[in-house]
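# here's a sequence, model it:
(one chain, ligands or ions: 2)
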Amino acid sequence: MSKIKLLNIVGARPQIIKASAISRAIRTTFRQHFNEIIVHTGQHYDKELSGVFFAELDIHRPDYNLGVGSAHHGRQTAMMIIGIEEVLLKEKPDCVVLYGDTNSTLAGAVAASKLHFPVIHIEAGMRSFNKTMPEELNRIMSDHASTLLFAPTNAAFKNLRNEGFKPENSPPYTIDNPKIYLTGDIMYDNTLFFSELAEKKKPGFLEDLALQPGNFVLVTIHRDINTDDHLRLQNIIHTLIRLASDNEITMVMPFHPRTTGTLKSKLGDLNKELHNNKNVIIIPPVSYLEMILLEKHCRMIITDSGGVQKESHFFGKPCIVLRKETEWVELVNNGTTRLADADPDHISANFLKFMEIHKNLKFPKFYGDGKAANFILNEIRLMFEKE
Ligand code: UD1
Ligand code: UDP
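Residues are numbered from 1 along each chain as shown. Ligands and ions are numbered 1, 2, ... in the order given. Coordinates of the predicted model:
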């Protein structure tokens, strides 16, 4: 049988990291089965949000970079659809693999499904049940344009069933007869693979930032709800500065350019205060291996990121989420992740509680066995063998 032509679509930071798990599994286990093509929409373009990951995670450079860049949702997604469609018509892949829930995911789902290329959605079934989140719309629409759907958690699998997807569907799978799987999380595959490597490849990283293992808090903020509403961001940052000072603990904040942008344009005084505060270290986005070191050695994580929430669990760290809800509900049910929204009282109370009990928390394995990418590629292979 000839090789399966698998076309990956990435665009935002976490998708490049996710795609590296699939790329690695192809290289190590499925080389004779797949030819891989990478299309980068260009949604993220700064070196710290894109190039650094290709270099560090040993993924080959994108075969196509559509260079779409930043724009309002409609324009950005439309430009991606146009670019992806052109590539699909030229390459005629056997299948199109999408990751997560960004505008790049949605654009890939629309372009590929309308041209009748089978869509494979990795991280399917995640739901926040909040359709004001752009990601929630992207997830729902992408799932319903897919042929194979790989759900990372029980909750995600259940969500798909509740939306009418039938686990008992039998081949041949199509967009009208899709197949859903419970797989575990490819981000867990990555954590296991890169955790030791990060220590070896980044010696001195924590020391250079004057961070003491176990004695700092990692903070990331990038979601539109927290960055586009500058008063909300102000509330969060004021609370964090106060908690850092009162508890004499360092907070390290590798901020997304979106957050830095709002701080500079709308919260100039607070931005200065942040940079002058001896308990706060503001840095540009870090590489994935550097991020792993921060997550592995911090005391606690405060974030609005989906990926960072899970990584907090992988590394056994309590996590405060700066949102009202999360898709990773098992973490909240486990009591190791707490939802604080942007509420100063909730952030403070949870922070103090976690400072007290951080050593007594349990982190069960919710996200598979670290071999989700192999499982996924094997199922894709079988789909084409059965045809
Ligand atoms: C996007 C995803 C979000 C994901 C996040 C991962 C959507 C709707 N959102 O959010 O789900 O969690 O990526 O990080 O797809 N910018 C730069 N440099 C860049 C890219 C962006 O400065 O390389 C700035 C621009 O001002 C841009 C803003 O960040 O307007 C937002 O970028 P965008 O890609 O639209 O969304 P993210 O917030 O990055
Ligand atoms: N990440 C990183 N450097 C950073 C911040 C995040 O490498 O400065 C990684 C993080 O470890 C995780 C992924 O990016 O693997 C999460 O991406 P992000 O928070 O941007 O998006 P989300 O997961 O919320 O979609």
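
# close to ligand 2: what parts of this structure are there?
13-14, 17, 220, 222, 254, 285-288, 291, 305-308, 311 (C-beta under 6 Å from any ligand atom). To be clear about C-beta, it is placed using only N, CA and C from the backbone, and glycine gets the same treatment.

# out of these, which sit inside helices?
Residues of the residues of the chain next to ligand 2 located in helices (DSSP state H): 13-14, 17, 288, 291, 306-308, 311.

# which among those gets closest to residue 322?
Nearest to residue 322, judged by C-beta to C-beta, of those is residue 308 at 10.8 Å.

# could you measure from the closest one over to ligand 1?
Here the criterion is C-beta to the nearest ligand atom, to the nearest Å. By it, residue 308 lies 10 Å from ligand 1.

# could you export the ones in helices among the residues of the chain next to ligand 2 as CSV, including neighbour count and pLDDT?
Below are these laid out as CSV (neighbours: other C-beta atoms under 10 Å; pLDDT from 0 to 100):
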residue, neighbour count, pLDDT
13, 24, 98
14, 23, 98
17, 23, 98
288, 21, 98
291, 21, 98
306, 22, 98
307, 21, 98
308, 21, 98
311, 25, 98
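
# and those residues, which is closest to residue 300?
residue 308 (11.9 Å).

# which parts of this protein are strands?
Under the criterion DSSP state E, strands of the chain are mapped to 4-10, 34-40, 64-65, 95-99, 119-122, 148-151, 179-182, 216-220, 250-254, 280-283, 300-303, 319-321, 337-339.

# OK, contacts around the closest residue to residue 165 other than its chain neighbours?
Excluding the flanking residues, the one nearest residue 165 by C-beta to C-beta, 6 or more residues apart in numbering is residue 180, at 4.7 Å. For residue 180, the contact set (C-beta atoms under 8 Å, 6 or more residues apart in numbering) comprises 124-125, 149, 151, 157, 160-161, 165-167, 169.

# and for residue 111?
Residues in contact with residue 111 (C-beta under 8 Å, 6+ apart) are 80-81, 84-85, 88.

# and the pLDDT at it?
What the model reports for residue 111 is a pLDDT of 99.

# check residue 270 too.
For residue 270, the model assigns a pLDDT of 97.

# what number of residues lie near it?
Burial of residue 270, expressed as a neighbour count using other C-beta atoms under 10 Å, amounts to 16.

# start the count at 867 instead of 1 going forward.
New numbering, starting at 867: the last item is residue 1136.

# and it, what does it touch?
Counted by C-beta under 8 Å, 6+ apart, residue 1136 has contacts 1100, 1103-1104, 1129.

# so which of the contacts of residue 1046 are in helices?
Counted as lying in helices by DSSP H, out of the contacts of residue 1046, are 1023, 1026-1027.

# in CSV: those, plus pLDDT and distance to ligand 1.
As requested, the ones in helices among the contacts of residue 1046 are exported to CSV (pLDDT from 0 to 100; distance: C-beta to the nearest ligand atom, whole Å):
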residue, pLDDT, distance to ligand 1
1023, 98, 21
1026, 98, 20
1027, 98, 24
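
# neighbours of the residue nearest to residue 1237 when sequence neighbours are not counted, how many?
Spatial nearest neighbour of residue 1237, chain neighbours left out: residue 1055 (6.6 Å); criterion: C-beta to C-beta, 6+ apart. Look at residue 1055: counted by other C-beta under 10 Å, it has 26 neighbours.

# quick check: residue 1055 touching residue 1241?
No. Judged on C-beta atoms under 8 Å, residue 1055 makes no contact with residue 1241 at a distance of 9.7 Å.

# which residues touch the closest residue to residue 1065 other than its chain neighbours?
Nearest-residue entry for residue 1065: residue 1159, 7.2 Å, with adjacent residues in sequence omitted and distances by C-beta to C-beta, 6+ apart. The contact partners of residue 1159, by C-beta under 8 Å, 6+ apart, come to 1064-1065, 1068, 1071-1072.

# now swap in residue 922 and tell me
Neighbour list for residue 922: 1153-1155 [criterion: C-beta under 8 Å, 6+ apart].

# circling back to that earlier point, in TSV: the contacts of residue 1159, plus neighbour count.
As requested, the contacts of residue 1159 are arranged in TSV below (neighbours: other C-beta atoms under 10 Å):
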residue	neighbour count
1064	22
1065	15
1068	17
1071	19
1072	19
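
# just the ones of these in helices?
1064-1065, 1071-1072.

# excluding chain neighbours, what is closest to the residue of the stretch 1117-1253 of the chain found nearest ligand 1?
As assessed by C-beta to the nearest ligand atom, ligand 1 sits closest to residue 1123 within the stretch 1117-1253 of the chain, at 3.2 Å. Counting by C-beta to C-beta, 6+ apart, residue 912 is the residue found nearest to residue 1123 once chain neighbours are left out, at 6.2 Å.

# enumerate the residues of this structure near ligand 1.
When proximity is defined by C-beta under 6 Å from any ligand atom, the chain lies next to ligand 1 at 878-880, 909-912, 915, 936, 967-969, 1000-1001, 1088, 1123-1124, 1127.
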